[in-house]
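>>> let's see this in three dimensions:
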Amino acid sequence: MTLAEELYISEKHGCDQTGDGTASKPFKTATTAMLAYGKESFPQMFVDGKTHEKMSMMRIVSQIKHLMQVKVQEDAERKEKDLEEAKQVTINTYYEFGEDIPEMPERRMADKINEPILLCRFPGKIKNFYMKRCPGDKRLTESVDVLIPNVGEIVGGSMSMADFAELMEAYKVEGVDPSKYYWYTDQRKFGTCPHGGYGLGLERLLTWLCDQHHIRDVCLYPRFLERCNPLPCKPFLCVLRKSGK
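The predicted model follows:
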């Protein structure tokens, strides 16, 4: 919004969604007005017709506490809904060898066991072709996913093929042209060593460390199905600033 010299707030007649801070279209809450203005020091504010040179800290804190209470309630309702959906997916559902397990059953399993889980040796058909096969069973890969209660998968990793002949055969099975990956193949052709790698989901790790139920609550710019603007998360950034975290 264009920076103004005055901001108008009205609990009775204001609206945070359609308001713009003018006398004819006031905001409903001081928090939204401050976020819309976007910088300190804030201009002169009019609250239901009363002039305040500086907004009362108690008023702002009470609004932030209300937002936090709403967020906690929404998290609890969302978690209960997700668990019910997980139950419907897992009840009377059996997975055959070679099938991938969807996210919700994985989370349901981790929540049920309530301890970190290392899910190992995935079938090669559902993994990348360059993953090293298990010596005792070539249908399996030397791979692992780390599942955490209340979050699900946070780490995925595997060993990579280090043998040149094995990698060339994997190209052939998958129908991949090895000439496009000459730089990758040459590492095996001219010498390498057994090696692997893993990927750590930073936001997923933060979800676990911060004890949040949904990853969108720890993303700087979360995505929503019906919204592109990340403004709904900004009030909670204010909470962190006020608490000094």
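
>>> before we move on, which element is residue 185 in?
According to DSSP states H and E, residue 185 maps onto helix 182-189.

>>> mind saving the C-alpha coords of that helix as PDB?
Output of helix 182-189 as PDB, limited to C-alpha atoms (Å, rounded to 0.1, in the frame of the first residue of the first chain):
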ATOM      1  CA  TYR A 182      29.500 -39.300 -20.100                       C
ATOM      2  CA  TRP A 183      30.900 -37.200 -17.200                       C
ATOM      3  CA  TYR A 184      29.000 -39.400 -14.700                       C
ATOM      4  CA  THR A 185      30.100 -42.600 -16.400                       C
ATOM      5  CA  ASP A 186      33.700 -41.600 -16.700                       C
ATOM      6  CA  GLN A 187      34.000 -41.400 -12.900                       C
ATOM      7  CA  ARG A 188      33.300 -45.100 -12.800                       C
ATOM      8  CA  LYS A 189      35.400 -45.900 -15.900                       C
END
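
>>> so which elements touch it?
Packing partners of helix 182-189 (3 or more C-beta pairs under 8 Å, 6 or more residues apart in numbering; DSSP states H and E): helix 164-174. Bear in mind the C-beta positions are built from the backbone N, C-alpha and C, glycine included.

>>> now do the residue nearest to the spatial centre of the chain against residue 99, distance only.
With distances taken as C-alpha atoms, centre = their mean, the residue of the chain nearest its centroid is residue 215 (2.7 Å). Distance, residue 215 to residue 99, by C-beta to C-beta, to the nearest Å: 25 Å.

>>> do the same with residue 207
From residue 207 to residue 99 the distance is 26 Å (C-beta to C-beta).

>>> quick one: which of the two has more around it?
residue 207 (23 against 11; other C-beta atoms under 10 Å).

>>> the more buried one: what's it in contact with?
Neighbouring residues of residue 207 by C-beta atoms under 8 Å, 6 or more residues apart in numbering: 150, 151, 213, 214, 215, 217, 218.

>>> which strands and helices sit next to the lengthiest strand in the chain?
Ranked by residue count and defined by DSSP state E, the top strand of the chain is strand 152-160. Here strand 152-160 touches helix 103-113, strand 143-148, strand 195-200, helix 202-209, going by 3+ C-beta pairs under 8 Å, 6+ apart.

>>> lovely, talk soon.
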